[in-house]
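Participant: sequence first, predicted coordinates after that:
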Amino acid sequence: MHNPVLVDETLFWLDVKNGGIYVDCTLGNGGHTKAIFKKANVSKVYGIDRDAEALSRFEIENKKLKIIGGNFRSLSGIIKEKVDGILFDIGVSSEQLDSPERGFSYRFDAPLDFRMDRSCGVPCFELLEEFSQDELELIIKNYGEEHRGKKIAAEIIKNKPKTTGELVEIIRRITPYKGRSRVLARVFQALRIFINEELECLGEGLYEATKILKKGGRVCVISYHSLEDRIVKHYFREEPNLNVLTKRPICPNESEVSRNPRARSAKLRCAEKQ
Ligand SMILES: C[S@@+](CC[C@H](N)C(=O)[O-])C[C@H]1O[C@@H](n2cnc3c(N)ncnc32)[C@H](O)[C@@H]1O
């Protein structure tokens, strides 16, 4: 079960109020959306997710919730009215990470796919057929911030893994036991970010969000690693129509992290449309 992160802080910074219209761009398991409905008598929440499997499991009965399968990078094409608040809680959900067959986690063996939306694009193992070693090295270094990218890329290109288990085995052979799980996490993160174009989507999603916000409306972003947080920080600072409300990112307190260790790297930033 996905535990929503920084819920009270998100409700506070989104300034959720009666009659408001909100967009949850990353509906997932609906934790934040449920909290929005609980906080105020809002007039509507649009819940978007690119993962059709996440939406098919979704269980909130509420006439004010409009569930939409889609990518938030096309937000202004999906939502045709101005809104009071927009939330991005980016990355993968616990359901996605913990579903063995989705192949997002190095803990389970599954086809090497990594797509959040399996109705478009191609699985990772097919792309690996086309990559040069240099391209793969750049992906691992840039999106995984892993300095052993050269060696890892060379082994992946040589062995062409088709499953997460085969990829884990390749990395296991060339990395020392100490610190191996961190290397695995970084390589998996790098391939997932690349396959889903996560950083491009985030940049485009923020631009789109600015277009559909009412004057005085707010956008909140919860990110989980420095690459994402940097994009949010710079976008908020440089977009002339936004006023940054959180000078520093809001992080979960110790009690939240002890209840939900996946919250530990979360950072929330908020800006208001002027
Ligand atoms: C961290 S989870 C969100 C969890 C949610 N806030 C909750 O409380 O259950 C991120 C979700 O965003 C979705 N997602 C990621 N990138 C997306 C994109 N570009 N467009 C739409 N949904 C996206 C993922 O499929 C995943 O379900």
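Facilitator: Nice, I can see it. Please read these numbers as outputs of a predicted model, since none were measured by experiment.
Participant: how about the helices in the stretch 51-200 of the chain?
Facilitator: Taking DSSP state H, counting those that start in this stretch, the helices of the stretch 51-200 of the chain run over residues 52-56, 75-78, 94-98, 124-130, 133-144, 149-159, 164-174, 180-195, 198-212.
Participant: which parts of the first one are buried?
Facilitator: Read it as helix 52-56. Neighbour-count burial for helix 52-56, counted by 16 or more other CB atoms under 10 Å, picks out 54-55. Yep, even glycine has a C-beta here, placed from its N, CA and C like the rest.
Participant: find the nearest non-adjacent residue to the most centrally placed residue in the chain, please.
Facilitator: The chain has Gly91 as the residue nearest its centroid, 1.8 Å off, counting by CA atoms, centre = their mean. Excluding its sequence neighbours, the residue lying closest to Gly91 (CB to CB, 6 or more residues apart in numbering) is Tyr224, at 4.8 Å.
Participant: neighbours around the one you found, how many?
Facilitator: 19 (other CB atoms under 10 Å).
Participant: was I right to think it contacts Asp89?
Facilitator: No - look at Tyr224 against Asp89 with CB atoms under 8 Å: they stay out of range, at 9.1 Å.
Participant: was I right about Phe114 contacting Glu126?
Facilitator: No - between Phe114 and Glu126 there is no contact under CB under 8 Å: 11.0 Å.
Participant: quick one on the thing from earlier: got a list of what the residue nearest to the centre of the chain touches?
Facilitator: 198, 223-225, 228 (CB atoms under 8 Å, 6 or more residues apart in numbering).
Participant: could you redo the last one with a cut-off of 10 Å?
Facilitator: Contact analysis of Gly91 by CB atoms under 10 Å, 6 or more residues apart in numbering lists 5, 26, 28, 97, 116, 189, 192-193, 196, 198, 202, 222-225, 228, 262, 265-266.
Participant: of Phe114 and Glu126, who's got more company?
Facilitator: More crowded of Phe114 and Glu126, by other CB under 10 Å: Phe114, with 24 against 12.
Participant: could you verify my assumption that that one touches Phe104?
Facilitator: Yes - counting by CB atoms under 10 Å, Phe114 touches Phe104, with 6.8 Å between them.
Participant: list the residues that contact both of these two?
Facilitator: 92, 164, 188, 191-192.
Participant: between which two of these is the distance greatest?
Facilitator: Val92 and Thr164 (13.9 Å; CB to CB).
Participant: who has more neighbours out of the two?
Facilitator: Comparing Val92 with Thr164 by other CB under 10 Å, the one with more neighbours is Thr164, at 27 against 24.
Participant: around the ligand, pick out the residues from the stretch 1-150 of the chain.
Facilitator: Residues of the stretch 1-150 of the chain found near the ligand (CB under 6 Å from any ligand atom) are 2, 4, 25-26, 28-32, 48-51, 54, 71-73, 89-93, 116.
Participant: sweet, I'm off.
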